[in-house]
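A.B. asks: Fold the following and give me the result.
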Amino acid sequence: MSKILVSLVSNQTVPNVMFIKEIKEIDKYLFITTEQMEKNHKRDIIIKACSDIVQDNAAYIVVKEDSIMDLQSQLGTYVDNETSDDDVFIVNLTGGTKLMSIGAFDFFRKKESQIFYLTLGKNTYRKIFPDVKHRDFDITYRFTLDDYLQANGISVNRKGEGLKFDIELTKNLFSMFQNNQIKDHLSALKELKEKTRKNPKWYKNHRSKPIGYFEGLGDLLQAVNWDIQEIEKREIQYLRGTWFEEYIYHYCEKILPADMLGINYELDIGQHVNNELDILFMHENCLYIIEAKTNIRGQNNVIKMNEIIYKAAALKKEFGLSCKSYLFHLDKDYEQQQGYQKKLERAKIMGLKVVGLDDLTPDNIQATIKKIMDGTL
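C.D. replies: This is a model prediction of the structure:
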């Protein structure tokens, strides 16, 4: 007797990967797919993500997505040629089209089978055949961050390696924003931006410049207690904003395991999605993405959020329901600025939640992250 796990392939690959990882002691795997899913390599993505389990013990059939008759005919051929009378089928109906699900259910309910459906957005699955008293089961499998990305068929082009600068320096920079002292040094930050833009060669080649090359920079460094004589690309990026990513990462690191957390990822997502992500973490099989911005205003103090909102919507489309996006920012008095309320309403519609400075102070940020994780923020 063999136990055969049957999966219906669709654009959302994660439910199939999760179910394969969850169900143990399977002898064979059968994938019911379509021509379009084969062109999109969805079956390959699932098998690659489950390569520790699914190897030479997998078969597949390509069916017409809108034909129950074709699906059942091909299943009949597979069963007649590849299985024994005492084989048991474990069927996951979460993927595929509606007609594929109906056809597969009707076919396998006449066999020795157990048929299941994953509850999307929850770590549970339900037995829908045969009818039993205890129908709902907890999913014990948990994705790491990199495993989740692989289960979605997304390659990582680049990822950060944790904190690059001293955390006390990063906290000093946050304190300047919190106490509004940064306003005295905005010209120095603007100078950094302008001179690297106008003279990009030395910057891109990671050559250093003396601190005095940038007007006002020495005062800023003294204010945050940073004693350096020269500055290059890495330090400039840090002062212009990556310090805030490191600040968030530091506090996430206190709560989350290392394999659930990432900083400064560049993903191979697609041409219509900004593929650089500041902070990512996994919790209970849900992906959380944090965009870190020290400033969300453009010219004339107009709130500038359109690109971030679009990015959140695109990521939601790519990852599905199990993806939540947040904007962390340090802008003060932003609620009174022109266009903010309309932008906030649009952000909510697109699934982007906005978190301001008061919730991100050293005293509050860990509680904020925990609220995100438990679904109360």
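
A.B. asks: Show the contacting residues for residue 192.
C.D. replies: 214, 217, 236, 239, 240 (CB atoms under 8 Å, 6 or more residues apart in numbering). Every residue, glycine included, has its C-beta placed from N, CA and C.

A.B. asks: surely the third one meets residue 197?
C.D. replies: What that stands for is residue 236. No. In this structure, residue 236 sits apart from residue 197 without contact. The criterion is CB atoms under 8 Å, and the distance is 11.1 Å.

A.B. asks: Under the pLDDT cut-off, which ranges of this structure? List them.
C.D. replies: Low-confidence regions of the chain, defined here as pLDDT under 70, cover residues 270-274, 298-303, 334-338.

A.B. asks: Where does the residue positioned nearest the centre of it sit: helix, strand or coil?
C.D. replies: Among the residues of the chain, the smallest C-alpha distance to the mean C-alpha position (CA atoms, centre = their mean) belongs to residue 287, namely 4.3 Å. At residue 287, secondary structure determined by DSSP: H, G, I helix; E, B strand; the rest coil is strand.

A.B. asks: Next one: the residue nearest to residue 20 when sequence neighbours are not counted from residue 122, what distance?
C.D. replies: In space, not counting the residues next to it along the chain, residue 20 is nearest to residue 50; the distance is 4.8 Å by CB to CB, 6 or more residues apart in numbering. Taking CB to CB, to the nearest Å as the criterion, residue 50 is separated from residue 122 by 21 Å.

A.B. asks: Which one's more surrounded, those two?
C.D. replies: Using other CB atoms under 10 Å as the criterion, residue 50 and residue 122 rank with residue 50 on top: 21 against 15.

A.B. asks: that older thread, show me the contacts for the residue nearest to residue 20.
C.D. replies: If you count contacts by CB under 8 Å, 6+ apart, residue 50 has them with 17, 20, 21.

A.B. asks: more crowded one of residue 236 and residue 197?
C.D. replies: residue 236 (19 against 9).

A.B. asks: tell me the secondary structure for the more buried one?
C.D. replies: Taking three-state DSSP as the rule, one finds residue 236 in the helix state.

A.B. asks: Could you list the alpha-carbon positions for the one helix or strand residue 29 maps to in PDB?
C.D. replies: With elements delineated by DSSP states H and E, residue 29 resides in strand 28-33, which encompasses its position. What follows is strand 28-33, C-alpha atoms only, in PDB (Å, rounded to 0.1, in the frame of the first residue of the first chain):
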ATOM      1  CA  LYS A  28       4.300   9.300  -3.800                       C
ATOM      2  CA  TYR A  29       3.200  12.800  -5.000                       C
ATOM      3  CA  LEU A  30       0.800  13.600  -7.800                       C
ATOM      4  CA  PHE A  31       0.500  17.100  -9.200                       C
ATOM      5  CA  ILE A  32      -2.600  18.100 -11.300                       C
ATOM      6  CA  THR A  33      -1.500  21.100 -13.300                       C
END
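
A.B. asks: Can you give me the distance of the nearest residue to residue 262 once chain neighbours are set aside to residue 264?
C.D. replies: Nearest residue to residue 262, sequence neighbours excluded (CB to CB, 6+ apart): residue 280, at 4.5 Å. When CB to CB is the yardstick, residue 280 and residue 264 sit 10 Å from each other.

A.B. asks: what do you get for residue 354?
C.D. replies: Using CB to CB, we find residue 354 at a distance of 21 Å from residue 264.

A.B. asks: relative to its centroid, which residue of the chain is most remote?
C.D. replies: Within the chain, residue 85 marks the point farthest from the mean C-alpha position, 43.2 Å out by CA atoms, centre = their mean.
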